[in-house]
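Visitor: predicted model, plus sequence, below.
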Amino acid sequence: MPAPDATAATNDAPDSAYTPTDRTVPTRSRERASYDREVVHAILDEGYVCHLGFIREGAPVVLPTLYGRVGERLYVHGSTGARPLRMAGGAGTEEPGLPVCLTVTHVDGLVLARSAFHHSINYRSVVVHGIARPVTDPAERTAALDALVDHVVPGRSADSRPANGKELAATAVLRLDLEEVSAKLRTGGPNDDDEDLELPHWSGVVPVARAYGAPIPADDLSPDTPVPGYLTRL
């Protein structure tokens, strides 16, 4: 799913790759890591549910939530009363923000080896480390909320009522810059040991793919209302 125009999101043309850091270099299977921006963006744009991790009262918390990408920024939103949104507000601090780790994962296949030890999955994942900061500029908030809607269903923000003042007052938006980022991917078949190749067990890959069903209209929708083209294109 393509991201909205990101002209306002970054002032400089980014390099083709993110710079690896101690937190983005995996300790195992380093050959599967990628720092290529196009690879990272493609993985992010294909998904819409992320897991947002942070520390609350000394203990880790991980929450699933929707996200949207605009250029080199990710946006998440929630109720102004939600704990991570309030924590990122930085009450009593000079610099608002919440240290987070955000992850996105796609499962592309079940890898079945002859031995239980070598069973695996084919996957594509992105891990982002950084400081999530509250978005207070009205124009950026509007663009971020539109991006969140369009990230799930491209074209939907223009075909729905925008948030009104009351709804905007109840909604907080966080921005996470894509700076400390890595992708990790596994493809291909099982890695069976040579001594297991003659075993009689089936070995291979079961592909996994996301699929959309036919849109189901709301019970109170007029039967004359056509299904929008952006939905049939899904």
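Guide: Yep, it's here. Numbering: from 1, shown residues only.

Visitor: helices of the protein, start to end?
Guide: All helices of the chain, identified by DSSP state H, fall at 37-46, 83-88, 138-152, 165-169, 229-232.

Visitor: who are the packing partners of the second one?
Guide: If you count contacts as 3 or more C-beta pairs under 8 Å, 6 or more residues apart in numbering; DSSP states H and E, helix 83-88 packs onto strand 49-56, strand 59-66, strand 73-79, strand 98-112, strand 120-134, strand 171-177. The way it works is simple: take the backbone N, C-alpha and C, and place the C-beta from them, glycine included.

Visitor: how far away from the center of its chain is the least confident helix or strand in the chain by mean pLDDT?
Guide: Of all regular secondary-structure elements in the chain, judged by mean pLDDT, DSSP states H and E, the least confident is helix 83-88 with a mean of 72. Relative to its chain's centre, helix 83-88 lies at 19 Å (C-alpha atoms, centre = their mean, to the nearest Å).

Visitor: how much space between Glu195 and Trp202?
Guide: As judged by C-beta to C-beta, to the nearest Å, Glu195 and Trp202 stand 18 Å apart.

Visitor: ok, so what distance separates the residue of the chain positioned farthest from its centre from Gly189?
Guide: When each C-alpha in the chain is compared with the mean C-alpha position (C-alpha atoms, centre = their mean), Glu198 comes out farthest, at 41.3 Å. The gap separating Glu198 from Gly189 is 17 Å, by C-beta to C-beta.

Visitor: now swap in His41 and tell me
Guide: Relative to Gly189, His41 is positioned 27 Å away (C-beta to C-beta).

Visitor: burial of Ser182, as a residue count?
Guide: One way to gauge burial is a neighbour count; for Ser182, by other C-beta atoms under 10 Å, it gives 21.

Visitor: neighbours around Ala209, how many?
Guide: 8.

Visitor: on the pLDDT front, check it for me.
Guide: At Ala209 the predicted local confidence, pLDDT, stands at 95.

Visitor: quick one: residues contacting it.
Guide: Counting by C-beta atoms under 8 Å, 6 or more residues apart in numbering, Ala209 makes contact with Asp108.

Visitor: circling back: would you list the helices and strands packed on helix 83-88 in JSON lines and tack on mean pLDDT?
Guide: Below are those laid out as JSON lines (pLDDT from 0 to 100):
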{"stretch": "strand 49-56", "mean pLDDT": "93"}
{"stretch": "strand 59-66", "mean pLDDT": "93"}
{"stretch": "strand 73-79", "mean pLDDT": "91"}
{"stretch": "strand 98-112", "mean pLDDT": "97"}
{"stretch": "strand 120-134", "mean pLDDT": "96"}
{"stretch": "strand 171-177", "mean pLDDT": "93"}
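
Visitor: among those, which comes closest to Asp159?
Guide: The closest of these to Asp159 is strand 59-66. By C-beta to C-beta, the value is 17.9 Å.

Visitor: buried residues of that closest one, list them for me.
Guide: For strand 59-66, burial by neighbour count (16 or more other C-beta atoms under 10 Å) applies to Thr65, Leu66.

Visitor: give me the contact list for that strand.
Guide: By C-beta under 8 Å, 6+ apart, the list of residues contacting strand 59-66 from outside reads 48-55, 76-78, 83-84, 148, 151-152.

Visitor: repeat that with 7 Å
Guide: Counting by C-beta atoms under 7 Å, 6 or more residues apart in numbering, the neighbours of strand 59-66 from elsewhere in the structure are Tyr48, Val49, Cys50, His51, Leu52, Gly53, Phe54, Val76, Gly78, Pro84, Leu148, Val152.
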